[in-house]
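Asker: Generate coordinates for the sequence data below:
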Amino acid sequence: MIELGHDVRVLVINPLKQQSSKSNQISGQFNGIKFKYTSLTTKWPKSILSKLSIQIKGVYNGLRELSLLNKTKIIDALIVPEYYPLKVFPFILFTKINKITILHEYNEFPFLNQEDTLLKRLRLKIYLRWIVPKYDGLFLITKALLNYYKPYINKRRLATVVPIMVEPDRFVSCTKASDYKFQYIAYCGSMYTNKDGLLILIEAFSLVVKQYQNLHLILIGDNSNKEKFNYIVEKINSLKLSNKIHFTGRVSRDEMPGLLCNARLLALSRPDNIQSKGGFPTKLGEYLATGKPVVVTAVGEIPEYLVDGENSFVAEPDDHVSFSEKINEALKDYDRASTIGKNGQELAFGVFNYKVQAQKMLNFIDETDL
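Answerer: From the prediction side, this is the model:
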């Protein structure tokens, strides 16, 4: 939006749950985007009372920041990705009093990974019945979410699908040589849950490596929690793949393009679950942007964008044999696979281009303008 000529501010009302060496700035700029942690810290405290205090401070200072900003510059719209009612309602009230358009952005079913308790059901009911209808518009990542939210959207309001976004410039000049001196398949994503089907990928790789014995698998993502990570290690050891599968741990935004671009192909074996039905994997945009062959599963709305044999290799979900067959298909005729990879890159640079989607969002804001 900034590159399209608009002033954008990012207010972060919660500290970060995971820290990095670059995440200790309370305020500053990133690529021209002005940001501020309104909690006045980037670190979560340990005690429950301190956490509550930090969140209250974040909301209060967020409202104060918006009030000061609105006195010097008229705010056209406030986009809120938060869904906890007690955090969101003060901002809804602020925008109604000040006649500012307020929009909600969400990319999976709400409260998805939380234990099903009475408190969760109560929060969900309040969120859907009394919070969602107060928004002037919604940005949702899939049609499935659009259908889910429809009964709760005020009939005078609007909602639109905004899929994943990718920055082409990060991958156009992706020329850094690989630190790995072998050919590899790369995966980026969750190491602790079955969200991205990592076990399916490992099992598929165990079949592929029988035919391509010089091939390795690089797994990119946080693996610092050894207790949660142990089930992956056990699976790898049981398949005798410890010398073929390598872990990078968490990597920076700047390191990611090189790791992906130097892969032989990129893999995402998402299972067919509720998370896949409502969401859309943002990492898929980065995969496609590299121009490398991409092997994915036919879950959620992926098949609406990706066509097997045209711009990707699409396997059946929850089937490691099907996934291994698609990897083998790509490796067997790599010239064809490279052409298919370039077709996927065209999709990423066109449909998923961040400027294209940002302009769509700006047009939507104009339509919902109070």
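Asker: what ranges do the helices span in the stretch 1-150 of the chain?
Answerer: Counting by DSSP state H, counting those that start in this stretch, one finds helices in the stretch 1-150 of the chain at the ranges 48-72, 85-97, 118-126, 143-149.
Asker: Tell me what angle the first one forms with helix 85-97.
Answerer: For helix 48-72 against helix 85-97, the angle between stretch directions is 10 degrees (axes from the mean of the first three to the mean of the last three C-alpha atoms, to 10 degrees).
Asker: any weak-confidence spans in the protein?
Answerer: The chain contains residues with pLDDT under 70 at 17-23, 369-370.
Asker: contacting residues around stretch 246-261?
Answerer: 18, 20, 22, 170-171, 174-176, 178, 180, 184, 186, 188, 191, 216-224, 266, 286-287, 290, 292 (C-beta atoms under 8 Å, 6 or more residues apart in numbering). To be clear about C-beta, it is placed using only N, CA and C from the backbone, and glycine gets the same treatment.
Asker: Residue 124 and residue 43: what is the separation?
Answerer: As defined by C-beta to C-beta, to the nearest Å, residue 124 lies at a distance of 29 Å from residue 43.
Asker: more crowded one of these two?
Answerer: Using other C-beta atoms under 10 Å, the more surrounded residue of residue 124 and residue 43 is residue 124, with 17 against 14.
Asker: for the more buried one, what are its contacts?
Answerer: 110, 111.
Asker: what's the answer for residue 278, then?
Answerer: By C-beta under 8 Å, 6+ apart, the contact list for residue 278 reads 108, 109, 112, 142, 144, 145, 148, 300.
Asker: Pull the contacting residues for the fifth one.
Answerer: Contacts for residue 144 were tallied using C-beta under 8 Å, 6+ apart; they are 277, 278, 300, 301.
Asker: do the second one as well
Answerer: By C-beta under 8 Å, 6+ apart, the contact list for residue 109 reads 145, 148, 274, 275, 278, 279.
Asker: for the protein, what spans make up the strands?
Answerer: For the chain, the strands defined by DSSP state E occupy 9-12, 27-30, 33-37, 77-80, 101-106, 137-140, 158-161, 184-188, 216-220, 245-249, 265-268, 294-297, 313-315.
Asker: what's the closest of the ones you listed to residue 361?
Answerer: Among the strands of the chain, strand 137-140 comes nearest to residue 361, with 6.4 Å by C-beta to C-beta.
Asker: Tell me how far stretch 173-182 lies from the chain's centre.
Answerer: Offset of stretch 173-182 from its chain centre (C-alpha atoms, centre = their mean, to the nearest Å): 24 Å.
Asker: Sweet, I'm off.
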